[in-house]
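**Q** Return a 3D structure for these sequence lines:
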Amino acid sequence: MTTTPNQPHHVVIVGAGFGGLEAAFGLAGAPVRITLIDRRNHHLFQPLLYQVATASLATSEIAWPIRYLLRGRKEVTTLFANVNGVDAASKRVLLEDGEAIAYDTLVLATGARHAYFGHDEWEPFAPGLKTLEDATTLRRRILVAFERAERETDPARRAALLTFVIIGAGPTGVEMAGTIADLAQDTLPPDFRNIDTHKTRVVLVEAGPRVLAGFPEDLSAYAHRSLEELGVEVVLGQPVTECAIDGVVYGGKKLEARTIVWAAGVRASRAAEWMKAPADRAYRLKVEPDLTVPGHPDVFAIGDTVTIAGPDGNPVPGIAPAAKQQGRYVAALIKARLAGGTLPPFRYKHAGSLAQIGKKKAVIDFGWMKLRGNLAWWIWGIAHIYFLIGLRNRLSVALSWLWIHARDQRAARLITQGSSKVTG
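**A** A predicted model of the protein is given here:
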């Protein structure tokens, strides 16, 4: 491994998500200097992003300034910048403003965005959920829809305002649908005078044959039943063929709706393009068994940026625990290389899949054990609280959830960004 003369080995990490941050943490004590680059100044606990979108949690409860998290690490320099390329020949990361950062080892942890399967024109009408900006936009649209319905006198327009469509029945879609249903059925009814929020329609549309396709069939069936008990209309085997400002089309029929949420798919960042490396259909970079980019042993790629087979032959899922495992592995391998050694190939250890269904039910698949119902919900909550950063955030989130569980109240029902429009 090369090192700049008179300088410690320089590791550049692009992306401060779960994988990138874990790599930075794992390199503590190593004879390196680290530059961590991110286009945002905060690390986001993405699994709870939908709870910000549905007014259950505040943004500050699931995000932390990157500089704060690494303030005790003198060897780490944090840059607030946007990366738009990599010059692998000269070993430089290219920034949007024209600057370049030289590296000895590069870690690409650039994540993913939602994908519209060739219909990017749908994004203004059906925003996805990957960033805090996405979450606050959706929260505004959801809450404004109820506010506009309160003032609307035309029955058809009021019904459209009170219809919420979630496209995609993976964990994010299921969690969004269940939480919006809870909001309409339990939290909001006492607050409005002209509308009955119990009449809200929450429609979950999935092109596949079942919800939570990555879970065992019995847990998928339980989630389906539980959603319907909450009042969610589950539509299976019906791909959406059109999204517009006034609704969606699936199964050849138009459903009038003013709030649409996209949870149907993701597309990786441009890392494969930067490295001129092979990628799959979702643009995820195909890495070597040690998570290096083919032909570039000094460049690692991790997290949602990549695809790699797990022990069972299936791709490692794009979830936080997988990214964290990859970040730890890369840090350990860099340390080993600097010491003149190496490590065996990366091996993913599945820690379980979890999904919440409303405020009192969840499903958990540990592989060796499956749980559902209220007990699973408590375990889901404890697991998520455990992985939050800092005692204050853990206590704050725990109290918020207990308050919602006991009193059906969500304190984060704030309409921000100064607009009373449903879209835009």
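**Q** Under the pLDDT cut-off, which ranges of this protein? List them.
**A** Under the criterion pLDDT under 70, the flagged ranges of the chain are 1-6, 407, 411, 418-424.
**Q** need the helices for it, in chain order.
**A** Taking DSSP state H as the criterion, the chain contains helices spanning 18-26, 49-53, 66-69, 132-151, 155-161, 171-182, 217-229, 271-275, 320-338, 374-387, 391-407.
**Q** how about these, which one is nearest L414?
**A** With CB to CB, the closest approach to L414 among the helices of the chain belongs to helix 132-151: 7.7 Å. Where C-beta positions appear, they are placed from N, C-alpha and C, glycine not excepted.
**Q** Which elements pack onto that closest one?
**A** Applying 3 or more CB pairs under 8 Å, 6 or more residues apart in numbering; DSSP states H and E, we find helix 132-151 packed against helix 49-53, helix 155-161, strand 259-262.
**Q** CA atoms of the longest one as CSV?
**A** What it means is helix 155-161. Extracted in CSV, the C-alpha atoms of helix 155-161 (Å, rounded to 0.1, in the frame of the first residue of the first chain):
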residue,chain,number,x,y,z
PRO,A,155,-67.1,15.6,-1.9
ALA,A,156,-65.0,14.2,-4.8
ARG,A,157,-62.1,16.6,-4.2
ARG,A,158,-62.2,16.0,-0.4
ALA,A,159,-62.1,12.2,-1.1
ALA,A,160,-59.0,12.6,-3.3
LEU,A,161,-57.3,14.7,-0.6
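**Q** Numbering from 45 from now on, please.
**A** Sure, I'll start counting at 45 from here, so that last one is helix 199-205.
**Q** What lies in contact with it?
**A** For helix 199-205, the external contacting residues (CB atoms under 8 Å, 6 or more residues apart in numbering) are 189-190, 192-193, 196, 239, 245, 290-291, 300-303, 466.
**Q** before we move on, the earlier item: to A170, which of the helices of the chain lies closest?
**A** Proximity to A170 (CB to CB) singles out helix 176-195 among these, at 10.2 Å.
**Q** So for that closest one, what gets flagged as buried?
**A** 176, 178-190, 192-193 (16 or more other CB atoms under 10 Å).
**Q** can you list the domain ranges for this protein.
**A** Here the domain parsing of the chain from the TED database is 53-83+125-158+310-383, 164-308.
**Q** And those domains: which comes nearest L458?
**A** Closest to L458 of those is domain 164-308 (CB to CB; 7.7 Å).
**Q** if we can go back for a sec, a markdown table for the helices and strands packed on helix 176-195, including distance to Y327?
**A** Converted to a markdown table, the helices and strands packed on helix 176-195 look like this (distance: least, CB to CB, whole Å):
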| stretch | distance to Y327 |
| --- | --- |
| helix 93-97 | 21 |
| helix 199-205 | 35 |
| strand 303-306 | 17 |
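**Q** need these in JSON lines with mean neighbour count, can you?
**A** Formatted as JSON lines, the helices and strands packed on helix 176-195 follow (neighbours: other CB atoms under 10 Å):
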{"stretch": "helix 93-97", "mean neighbour count": "26"}
{"stretch": "helix 199-205", "mean neighbour count": "16"}
{"stretch": "strand 303-306", "mean neighbour count": "26"}
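**Q** Go through those and name the closest to L377.
**A** Using CB to CB, the nearest of these to L377 is helix 93-97, at 30.1 Å.
**Q** who does that closest one touch, helix- and strand-wise?
**A** Judged by 3+ CB pairs under 8 Å, 6+ apart, helix 93-97 is in contact with helix 176-195, helix 215-226.
**Q** okay, now P253: neighbour count?
**A** 10 (other CB atoms under 10 Å).
**Q** and what of the one 5 residues further on?
**A** G258 is flanked by 14 other residues according to other CB under 10 Å.
**Q** repeat for A257
**A** 12.
**Q** repeat for G64
**A** Residues within reach of G64, counting by other CB under 10 Å, total 29.
**Q** Could you do G281 as well?
**A** Neighbourhood size, G281 [other CB under 10 Å]: 12.
**Q** pretty sure it is touching R254, no?
**A** No: between G281 and R254 there is no contact under CB atoms under 8 Å: 9.2 Å.
**Q** Which stretches in the stretch 245-394 of the chain count as strands?
**A** 245-250, 276-280, 284-288, 291-294, 297-300, 303-306, 310-312, 329-330, 336-337, 340-345, 350-351 (DSSP state E, counting those that start in this stretch).
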